[in-house]
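Novice: Sharing a model that was predicted from the sequence below.
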Amino acid sequence: MYSAKDFILMPIYLVILFFFARQIQIKNIAENPIYRYYTRGLLAKFLGGFLVCMIYIFYYKGGDTIGFFNSGKLLAQLGFLNQEAFFSVLGGNLNMSNLIRFVENDLCCPDYYKDPQSFTVVRFAAPLIILSGFSFFITTLLFAFLSYSGIWRLFLLFNELYPNMEKKFATAILFMPSLLFWGSAILKDTITFSATCWVTYCIYQVFIKKNQRFKYTIYLLIASYVIISIKPYIFVALLPGTAVWILFNRIVAVKSSFIRLLISPLIIAVGFVATSLIFNALGSSLGSYSSVDKAINKAIVTKKDLTREAYGENSFDIGEIDGSFGSIISKFPVALTAGLYRPFLWDSTNPVMFMSALENFFLMFLTFRVLFRLGPIKLFRKIFSEPLLIFSFVFAIFFAFSVGLTTANFGALVRYKIPSIPFFLSLLMILDQSRAVEIQERKRQRLEEEEEERKQLGLT
């Protein structure tokens, strides 16, 4: 898995990658000072990826990230022995004929071959493994470097729409430990998390800002393909928030409140019809998530799988799901709580889970603080007055509920939930900041009024 070569070459690759990152920072920092965080965030990603490698090698002594690398190494070796089969597999043709090519070249057999979604990670890893000189650690660095592009775009988006909050957004998007840990290694989550950030950024550029629409439409299609190929349920979770975001932006553009009220139902209806058409058009690509019935059946199967005895004490139970829509809805509070805030501190059984539990405690504390400061009515009024807040709220809640409903194992939960964390935490920080600004503004007004009264009384 590793040798002295890794530790000799790794500093060289780090210098090269940091040089490229530094050039990007220098090129953009004069126009956008936010880029001072660029190399800091990337170095944090490198550290997160390195820690995953060390923990999977020495603590877990195996696992998906090692399995993806070993299978990717077999595919990369096939590239030097049978280029036709290599490019066919790289294109997603996981047929028996190509599997025979592995056997013929003494490369039998790559794991995950019968699971197209998991093997997509292997396909993405193989070219990077070749570039890394077949190094596990360096391939991880390349994964972290490439995936950082999406995370950085999300950071830019929030800072563009909510300036003067860069430190808070840096915490929520660039430096959250679980995002760095689970979103930087050779894992499904690294790819899908970055693609989710890219989708969000491209939606804003194409539909809201209308900037370089052809370019960002291509990026949007690529990122959507990546998500659908690996974790289609993330794409399904993105659709409702995207529809509301785009529709709301159209509605608020109408100046007349009367006309806005009149056309709102029509625009919303058209938007949801369009979303349904997209959903139906992608039905075969979404597999188990192409219909409500299939999604419910998938949830039941996944939940049962993750409660097997093999997972030991890491399992938790939110109750039985009988497959009916009513049964699903009845689990909403407990599933949402699990998706947003579990594992709790008392659920922790190892250092990695404890790290996630600390984050969840912080999220819960911030949630209650925002609720206490704003109150439920003002809270929802604030959320549904700004497009990005609506998108973040709808996506985070829908995604967290889905993950909490289907994931009955803490080890899986802490990984699966990471796409929702930066959106939910950024949302809370914006709401918390808005209340703080409101309090400061009231204090300023009160001081001005008191000063004016003193002037009128001749005391100043």
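Specialist: Great, that's in hand.

Novice: burial of the spatially closest residue to residue 18 that is not a sequence neighbour, as a residue count?
Specialist: Distance criterion CB to CB, 6 or more residues apart in numbering; nearest residue to residue 18, sequence neighbours excluded, is residue 39 at 6.9 Å. To be clear about C-beta, it is placed using only N, CA and C from the backbone, and glycine gets the same treatment. Residue 39 is flanked by 15 other residues according to other CB atoms under 10 Å.

Novice: tell me which element residue 39 falls in.
Specialist: helix 38-58 (DSSP states H and E).

Novice: Buried ones in that helix, by neighbour count?
Specialist: 38, 41-42, 44-46, 48-53, 55-57 (16 or more other CB atoms under 10 Å).

Novice: what are the phi and psi values for the spatially closest residue to residue 45 that is not a sequence neighbour?
Specialist: Distances taken as CB to CB, 6+ apart place residue 144 nearest to residue 45, at 4.3 Å, with adjacent residues excluded. With angles defined as degrees, to the nearest 10, residue 144 sits at phi -60, psi -40.

Novice: so what does the host helix or strand of residue 145 touch, helix or strand wise?
Specialist: Element membership for residue 145 (DSSP H and E) is helix 136-161. On a contact count with 3 or more CB pairs under 8 Å, 6 or more residues apart in numbering; DSSP states H and E, helix 136-161 meets helix 4-29, helix 38-58, helix 64-81, helix 116-131, helix 166-169, helix 188-203, helix 387-406, helix 421-456.

Novice: so of those helices, which one's packed in deepest?
Specialist: Among those, the stretch with the highest mean neighbour count (mean count of other CB atoms under 10 Å) is helix 188-203, at a mean of 26.

Novice: Against which helices or strands is that helix packed?
Specialist: Other helices and strands packing on helix 188-203, by 3+ CB pairs under 8 Å, 6+ apart, are helix 116-131, helix 136-161, helix 177-182, helix 213-230, helix 232-252.

Novice: for those, which one sits closest to residue 417?
Specialist: helix 177-182 (8.1 Å; CB to CB).

Novice: you'd agree residue 184 is in a helix?
Specialist: No: counting by DSSP: H, G, I helix; E, B strand; the rest coil, residue 184 is located in no helix; its state is coil.

Novice: show me the residues around the residue nearest to residue 17 when sequence neighbours are not counted that make contact.
Specialist: For residue 17, ignoring the flanking residues on the chain, the nearest one in space by CB to CB, 6+ apart is residue 145 at 5.2 Å. By CB atoms under 8 Å, 6 or more residues apart in numbering, residue 145 lies in contact with 17, 21, 42, 45-46.

Novice: So which of these is the closest to residue 359?
Specialist: The closest of these to residue 359 turns out to be residue 45 (CB to CB; 16.9 Å).

Novice: now the contacts of residue 145 as a markdown table including pLDDT and distance to residue 368?
Specialist: Output for those, formatted as a markdown table (pLDDT from 0 to 100; distance: CB to CB, whole Å):
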| residue | pLDDT | distance to residue 368 |
| --- | --- | --- |
| 17 | 96 | 41 |
| 21 | 96 | 38 |
| 42 | 97 | 33 |
| 45 | 96 | 31 |
| 46 | 96 | 34 |
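
Novice: and these as a markdown table, adding distance to residue 357?
Specialist: Formatted as a markdown table, those follow (distance: CB to CB, whole Å):
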| residue | distance to residue 357 |
| --- | --- |
| 17 | 32 |
| 21 | 32 |
| 42 | 27 |
| 45 | 22 |
| 46 | 25 |
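
Novice: pLDDT weak spots in the stretch 301-450 of the chain?
Specialist: Across the stretch 301-450 of the chain, the ranges flagged by pLDDT under 70 are 301-314, 321-325, 435-450.

Novice: do that again at 90, thanks
Specialist: In the predicted model, the stretch 301-450 of the chain carries pLDDT under 90 at residues 301-335, 338, 342-356, 373-388, 390-391, 394, 398, 401-415, 432-450.

Novice: cool, and the stretch 51-200 of the chain?
Specialist: 58-63, 108-109, 164.
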